[in-house]
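*Asks:* 3D, please:
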Amino acid sequence: MVAQRPSVRHFYRSMKDFQPLDKSCSSCAIVSSSGQLLGKGAGKEIDNASCVLRMNTAPVTGFEEDVGARTTLRILCFISVKALQKEGNGYLLGPSRPETVLFWGLNQEKHKSAKVIAEEVFQKYIDSVDFYSQTQEGELEAGRVFMNETGFQRADTNTWLSTGWFTIMLALDMCREIKIYGMVPEEYCKTHQKEPTKYHYYQKNQSPTECGYYASHEASRKGGHRFITEKAVFAKWAKKFNISLHHPEWDLDNVNLSKPIDTPFAHRQVVLQKERQRWKHTMNILFKVIAVIAALICSMCPRYLLISL
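*Replies:* Sure thing, here's the model as predicted:
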């Protein structure tokens, strides 16, 4: 478990002069992209924070009453750079433009094309917004934190960390007080499986639903986001550090900081680990049996040679 707030700002480097991010806020509002925010009227409260953090390409225009109008930082994954390039004026100009854009995931070899697009966006809007890109060491640190919190390696379990994971890690380093809006707790979807809440508040179609999308990714073996598991970690961080969660409100009284994570993803990994251990034990016994049989055969070889002579 994270013993103290992580130090991650230095992993974000200016795309202009490679200087590390040097930003701090007395209070931060992290605005999720969830449909939970629709109709809640949290916009004014969000805008009252000293810093407002938004993720990927979640829009502001048309949703101000529920999600606020200000943007201090916008954190984007490598997948979102194409949408940012296409709708750059809408996101990076005008009253809701961010002061700073932070990219993560650009420095992997397989994401070279996303890095090229991000560079083009940076050059086009260099006079309007400050752009930063996370180093590869920053991604590795995020994976180490996931391992420390869950006991499972990100890569070995085909886990994709969410932009929310990187955003909250950054906020822990940057903000004295943190309020998160529109994020459901770990247990929420157990009792709201059929709730029609949209995964993203701005999606035109009703599908995918939030809980349906979470469940499919949590159970995926081929690779996926572990949203429910991340929220189990966030609950511990919220209890330990100065974090409150709203719309819906989180009850942190029963959060046990010393209890291992027990989500569908974590449970499956424990089962798989036991299966691998049993398989390894079985193979060890088999190899020992084969070795004994081979030794017996070899001990009888001279007799057969004498008989044949």
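*Asks:* And the helices in the protein?
*Replies:* Taking DSSP state H as the test, the helices found in the chain are 43-47, 64-67, 81-86, 88-92, 112-124, 136-150, 163-174, 188-191, 210-219, 227-240, 264-308.
*Asks:* What's the end-to-end length of stretch 194-210?
*Replies:* 10 Å (Cα to Cα, to the nearest Å).
*Asks:* what residues does it touch?
*Replies:* Stretch 194-210 has contacts (Cβ atoms under 8 Å, 6 or more residues apart in numbering) with 33-38, 58-59, 63, 66-67, 182, 184, 189, 211-213. For every residue, glycine as well, the C-beta is placed using N, CA and C.
*Asks:* of the helices of the chain, which approaches residue 157 most closely?
*Replies:* Smallest distance to residue 157 across the helices of the chain (Cβ to Cβ): 6.0 Å, for helix 264-308.
*Asks:* Can you tell me how far the residue nearest to residue 47 when sequence neighbours are not counted is from residue 95?
*Replies:* With sequence-adjacent residues excluded and distances taken as Cβ to Cβ, 6 or more residues apart in numbering, residue 47 is closest to residue 68, at 4.4 Å. Distance of residue 68 to residue 95, computed by Cβ to Cβ, to the nearest Å: 12 Å.
*Asks:* rewinding a little: what would the helices of the chain look like in TSV with distance to residue 16?
*Replies:* Shown next, in TSV, are the helices of the chain (distance: least, Cβ to Cβ, whole Å):
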stretch	distance to residue 16
helix 43-47	28
helix 64-67	29
helix 81-86	17
helix 88-92	15
helix 112-124	8
helix 136-150	18
helix 163-174	19
helix 188-191	41
helix 210-219	36
helix 227-240	32
helix 264-308	39
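*Asks:* rank the ones you listed by mean pLDDT and give me the bottom one.
*Replies:* Mean pLDDT is lowest for helix 264-308 out of those, coming in at a mean of 71.
*Asks:* List the residues that contact residue 48.
*Replies:* By Cβ under 8 Å, 6+ apart, the contact list for residue 48 reads residue 29.
*Asks:* let's see 10 Å
*Replies:* Residue 48 makes contacts with 27, 29, 68, 70, 179, as judged by Cβ atoms under 10 Å, 6 or more residues apart in numbering.
*Asks:* Which of these are buried? Put it as a PyMOL command.
*Replies:* Buried residues among the contacts of residue 48 (16 or more other Cβ atoms under 10 Å), as a PyMOL selection:
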select buried, resi 29+68+70+179
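*Asks:* State the number of residues packed around residue 161.
*Replies:* Using other Cβ atoms under 10 Å, residue 161 is surrounded by 20 other residues.
*Asks:* Looks like it contacts residue 77 (just checking).
*Replies:* Yes - using Cβ atoms under 10 Å, residue 161 is in contact with residue 77, at 9.1 Å.
*Asks:* Now list whatever residues contact both of those two.
*Replies:* With contacts taken as Cβ under 10 Å, 6+ apart, the residues that reach both residue 161 and residue 77 are 104, 105.
*Asks:* which residues touch residue 255?
*Replies:* 185, 186, 232, 235, 236, 237, 238, 239, 240.
*Asks:* and the gap between the third one and residue 252?
*Replies:* When Cβ to Cβ is applied, the distance between residue 232 and residue 252 equals 12 Å.
*Asks:* any residues in contact with both of those two?
*Replies:* By Cβ under 10 Å, 6+ apart, residue 232 and residue 252 have these common neighbours: residue 185.
*Asks:* Count residues in the vicinity of residue 64, would you?
*Replies:* Neighbours around residue 64, by other Cβ under 10 Å: 16.
*Asks:* quick one, what contacts it?
*Replies:* For residue 64, the contact set (Cβ under 10 Å, 6+ apart) comprises 43, 44, 46, 47, 70, 95, 96.
*Asks:* My guess is the fifth one contacts residue 43. True?
*Replies:* Yes - contact criterion Cβ under 10 Å: residue 70 and residue 43 qualify, at 9.5 Å.
*Asks:* which residues do these two both contact?
*Replies:* Common neighbours of residue 70 and residue 43, using Cβ under 10 Å, 6+ apart, are 31, 60, 64.
*Asks:* Nearest to residue 52 among the residues you listed?
*Replies:* When the shared contacts of residue 70 and residue 43 are compared against residue 52 (criterion: Cβ to Cβ), the nearest one is residue 31, at 6.6 Å.
*Asks:* can I assume that closest one is in contact with residue 56?
*Replies:* No - in this structure residue 31 lies outside contact range of residue 56 using Cβ under 10 Å: 11.1 Å.
*Asks:* Just want to know which of those two has more residues nearby.
*Replies:* Legend: neighbour count by other Cβ under 10 Å for residue 31 and residue 56, higher for residue 31 (29 against 19).
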